[in-house]
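1. Give me coordinates for this.
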Amino acid sequence: QVQLVESGGGLVQPGGSLRLSCTASGRSFSSYDWAWFRQAPGKEREFVAAISWRGGSTYAADSVKGRFTISRDNAKSTVSLQMNSLKPEDTAVYYCAGDSIGGTARRMYRYWGQGTQVTVSS
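-> The predicted model follows:
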């Protein structure tokens with residue numbers, strides 16, 4: 001069983017930055033793919049970014065490319081999302097997710113965190 005705990009959300013002004021972290025318990029962190037998804041009120045949960053355990057390849061949604069960066073620290077069992085140049089439309093609950101074979105589809109991930117709120121507003 002894998003348990004995930006997110007942290008780092010909060011209120012930030014447009015153009016600002018936040019760094020989200022997700023710490024995993026369990027033995028499989030280094031061999032799992034990890035991702036961040038987000039869900040705004042009234043909308044479906046959507047893919048944000050992912051990182052593969054196979055060489056650390058990263059993927060990002062078009063809406064966040066060039067602004068958000070996903071990274072992982074296997075020694076700390078932590079996956080992070082650095083968010084820069086935040087926009088009001090980035091406001092959502094952000095969830096980290098992990099599984100042995102991930103990708104960009106929500107259905108590929110069995111393990112989810114509880115979510116952390118990010119609000120971008122002046």
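2. got any ranges where this structure has weak pLDDT?
-> Of all residues in the chain, none has pLDDT under 70.
3. which residues of it fall in strands?
-> Ranges of strands in the chain, per DSSP state E, are 3-7, 10-12, 18-25, 33-39, 46-51, 58-60, 68-73, 78-83, 92-99, 111-112, 116-120.
4. Report the buried residues of stretch 91-107.
-> Within stretch 91-107, the residues that count as buried by 16 or more other CB atoms under 10 Å are Thr91, Ala92, Val93, Tyr94, Tyr95, Cys96, Ala97, Gly98, Asp99, Gly102, Arg106. For every residue, glycine as well, the C-beta is placed using N, CA and C.
5. Ends of it, what's the gap?
-> With CA to CA, to the nearest Å as the measure, the ends of stretch 91-107 fall 23 Å from one another.
6. How far does that stretch sit from its chain's centre?
-> Between the centre of stretch 91-107 and the centre of its host chain there is 7 Å, according to CA atoms, centre = their mean, to the nearest Å.
7. How about stretch 42-62?
-> Put simply, stretch 42-62 sits 7 Å off its chain's centre (CA atoms, centre = their mean).
8. With stretch 96-113 instead?
-> Here stretch 96-113 shows a centroid-to-chain-centroid distance of 11 Å under the convention CA atoms, centre = their mean.
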